[in-house]
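Student: model the structure of this input:
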Amino acid sequence: MPAPETVQTVLSLAYVGMLVGVAAILTRRAGQHLLCRAQALYFWLVFDALIHVFLEAPFVWLSMDGRTVNTSHGFFASVWQEYSQADTRWGVADAGIVAVELLTAACTGPLAAYTARLVRRKDARYHFWLVLLCTAELYGDYMTFVPEWMSGSKVRGSFH
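Tutor: Okay, the predicted model is just below:
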């Protein structure tokens with residue numbers, strides 16, 4: 001019998017793999033009339049939207065109204081508990097992290113889906129929205145990780 005941590009890791013990876021599969025299926029269905037580059041972009045945008053809506057939005061839900069990931073139960077709680085082993089801020093409803101993830105789930109996910117729709121329709125306006133989306137992604141990453149680097153915080157977990 002595998003350890004519970006191993007089971008959770010496998011389930012978490014399987015969930016993300018399922019999101020990759022959904023993005024691949026949607027790309028195959030939509031991408032028949034797109035160039036290879038556009039198919040790759042469409043896939044990434046769909047996957048990005050799915051991650052923001054179906055992985056990050058549950059984190060926000062679990063981190064509101066006095067709840068925390070570490071005190072919650074269920075599949076998504078255990079996924080984020082696994083993640084919080086590498087960075088404890090995700091387990092305790094850190095206000096900065098929750099604020100960035102709320103913005104990401106509510107705005108960036110739908111923007112990625114909208115941009116994918118424009119790519120699928122071969123609407124050149126996707127270029128503008130793609131630049132905006134990429135800027136939002138970079139800003140979210142900056143606001144998530146740079147404060148920790150600047151404060152000299154030591155994040156739990158190790159890759160060696």
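
Student: CA atoms for contacts and neighbours, from now on please.
Tutor: Noted.

Student: which is the next helix or strand following the helix or strand that contains Ala113?
Tutor: Using DSSP states H and E, Ala113 maps to helix 109-120. The helix or strand immediately downstream of helix 109-120 is helix 126-151, counting by DSSP H and E.

Student: and the angle for that following helix with helix 109-120?
Tutor: Counting by axes from the mean of the first three to the mean of the last three Cα atoms, to 10 degrees, helix 126-151 points 150 degrees away from the direction of helix 109-120.

Student: what comes up buried for helix 126-151?
Tutor: Going by neighbour count (16 or more other Cα atoms under 10 Å), the buried part of helix 126-151 is Tyr126, Trp129, Leu130, Leu132, Leu133, Ala136, Gly140, Thr144.

Student: quick check, nearest of those residues to Glu82?
Tutor: Using Cα to Cα, the shortest approach to Glu82 within these belongs to Thr144, at 17.9 Å.

Student: where in the chain is pLDDT low?
Tutor: Scanning the chain for pLDDT under 70 picks out the ranges 153-160.

Student: go again using 80 as the cut-off
Tutor: Along the chain, segments meeting pLDDT under 80 span 4-5, 31-33, 147-160.

Student: can you give me the helices in it?
Tutor: 4-30, 36-51, 57-62, 75-84, 95-103, 109-120, 126-151 (DSSP state H).

Student: and the angle from the fourth one to helix 4-30?
Tutor: Taking the same axes, to 10 degrees, one finds helix 75-84 and helix 4-30 inclined to each other by 110 degrees.

Student: how far does helix 75-84 sit from the chain's center?
Tutor: Centroid displacement of helix 75-84 relative to its chain, using Cα atoms, centre = their mean, to the nearest Å, is 13 Å.

Student: roughly how far does Gln8 sit from Leu55?
Tutor: Gln8 sits 15 Å away from Leu55, going by Cα to Cα, to the nearest Å.
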